[in-house]
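> Here is my input; please provide its structure:
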Amino acid sequence: MKAKRILSITLIGLLSAAVLATSSFAARGYGAKMSGAAMTDEQLQERRDLHLERMAAVLDLTEDQKTQIEALRNQKWENTVAQQEKMAELREELREMGLDGSYDESRARALANELAAIKADMMVENIRLRSEIHSLLTPEQQELTEKLRPLKQNCKGQGCMNKGRCVDRMMN
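Next up is the predicted model:
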């Protein structure tokens, strides 16, 4: 009987440790990879640079256009980092709320609404950025983006892991 109790306690302890370990990996930081490990700032910058290079190649951007787009994206990125940090704080506070057995619905709703407002702001910011980038393009480049949009969406819809192949198809 004592052995069963020890075994039960040990299993519960192991299960608790596994849950904690899993939740720490599941709490993905900004720009997290599929594996759950947050990307480094260098990896994020490399990804952003590669995206701009591909955009420049497909649309035949001028150096001036690339510089202006990069400036817009950097400004948006600074805002995004601050917003994501705030979202992480709110999510953590929401997670901690029920742990002590107390429940404050009005506080939970306020935090959830604040989180939703930040997400909405980020969506609006993404649309604004796309619009500003679009306005920097020539009419020919704008027309090309419209023609390529279905192909790009198709590539995303298929879970395309080979972005280079998709870019090659766009350029042909």
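
> Leu61 - how many residues pack around it?
By other C-beta atoms under 10 Å, 20 other residues sit near Leu61. Glycine gets a C-beta too; all of them are placed from N, C-alpha and C.

> Does it belong to a helix, a strand or coil?
Assigned by DSSP: H, G, I helix; E, B strand; the rest coil, the conformation of Leu61 is coil.

> element containing the nearest residue in space to it that is not next to it in sequence?
Computed as C-beta to C-beta, 6 or more residues apart in numbering, the closest residue to Leu61 that is not its neighbour in sequence is Met55, at 6.7 Å. Element membership for Met55, per DSSP states H and E: helix 41-59.

> Who are the packing partners of that helix?
Based on contacts counted as 3 or more C-beta pairs under 8 Å, 6 or more residues apart in numbering; DSSP states H and E, the elements that helix 41-59 packs against are helix 63-97, helix 139-157, helix 163-171.

> Could you pull up the mean pLDDT of that helix?
Per-residue confidence for helix 41-59 averages out to 86 on the pLDDT scale.

> can I assume the residue nearest to Leu61 is in contact with Gln65?
No - look at Met55 against Gln65 with C-beta atoms under 8 Å: they stay out of range, at 9.4 Å.

> In stretch 77-97, which residues are buried?
77, 80, 83, 87, 90 (16 or more other C-beta atoms under 10 Å).

> Give me the contacts around stretch 104-121.
Contact partners of stretch 104-121, identified using C-beta atoms under 8 Å, 6 or more residues apart in numbering, comprise 83, 86-87, 90-91, 93-94, 97.

> Which of these scores worst on pLDDT?
Looking at pLDDT alone, the contacts of stretch 104-121 dip lowest at Met97, where the score is 87.

> contacting residues around that residue?
With C-beta under 8 Å, 6+ apart as the criterion, the residues that contact Met97 are 103-104, 107-108, 111.

> hang on, the earlier thing: nearest to Leu137, of the buried residues of stretch 77-97?
Trp77 (20.4 Å; C-beta to C-beta).

> Can you tell me the closest non-neighbouring residue to the closest one?
The spatial neighbour of Trp77 that comes closest, neighbours along the chain excluded (C-beta to C-beta, 6+ apart), is Arg48 at 7.4 Å.

> That neighbour reaches Leu72, doesn't it?
No - under the criterion of C-beta under 8 Å, Arg48 makes no contact with Leu72, lying 11.8 Å away.

> ok, now which ones touch Ala56?
Applying C-beta under 8 Å, 6+ apart to Ala56 gives the contacts 65-66.
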